[in-house]
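K.L.:
3D, please:
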Amino acid sequence: MGIVNVPRIIEDQMVMAGTVLDPKGYKPAIGDILFFDIGGMKHVGLYYDVRRNTFISVVPGKGGVVIADFNDPFFRSRFIFARRIPLN
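P.N.:
This is a model prediction of the structure:
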């Protein structure tokens, strides 16, 4: 597996190299970076498990890193797009 350096700032992650995947008809793959708009604030997660349709996210109010359900209406309604980064 390759190593990818991902910028720390969400706005930089949103414009980094890779394929932008539109939310309509999106087929997630492990490692996709997911972008959400939550009340005007950008939020990012990393797609984790295709079978369970989950992603990893940092939620400070929930104690740090959590595994969230991508089917959850809260996240689905706020999903902007995903970015698939090619591994070298």
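
K.L.:
report the contact partners of the residue nearest to the spatial centre of the chain.
P.N.:
Among the residues of the chain, L34 comes closest to the average C-alpha position under C-alpha atoms, centre = their mean, at 1.8 Å. Applying C-beta atoms under 8 Å, 6 or more residues apart in numbering, we find L34 in contact with 28, 44-47, 55, 70, 79, 82. No exception for glycine: its C-beta is placed from N, CA and C like everyone else's.

K.L.:
so which residues of the chain form helices?
P.N.:
10-14, 73-76 (DSSP state H).

K.L.:
just list whatever residues bridge to the closest residue to R78 other than its chain neighbours.
P.N.:
The shortest distance from R78 to any non-neighbouring residue, by C-beta to C-beta, 6 or more residues apart in numbering, is to F36 (4.4 Å). Counting by DSSP bridges, F36 forms beta bridges with H43, F79.

K.L.:
can you give me the neighbour number for F36?
P.N.:
Neighbour count for F36, taken as other C-beta atoms under 10 Å: 20.

K.L.:
before we move on, back to that, may I see the PyMOL selection of the buried members of the contacts of L34?
P.N.:
Filtering the contacts of L34 down to the buried ones (16 or more other C-beta atoms under 10 Å) takes a single PyMOL command:
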select buried, resi 28+44+45+47+55+70+79+82
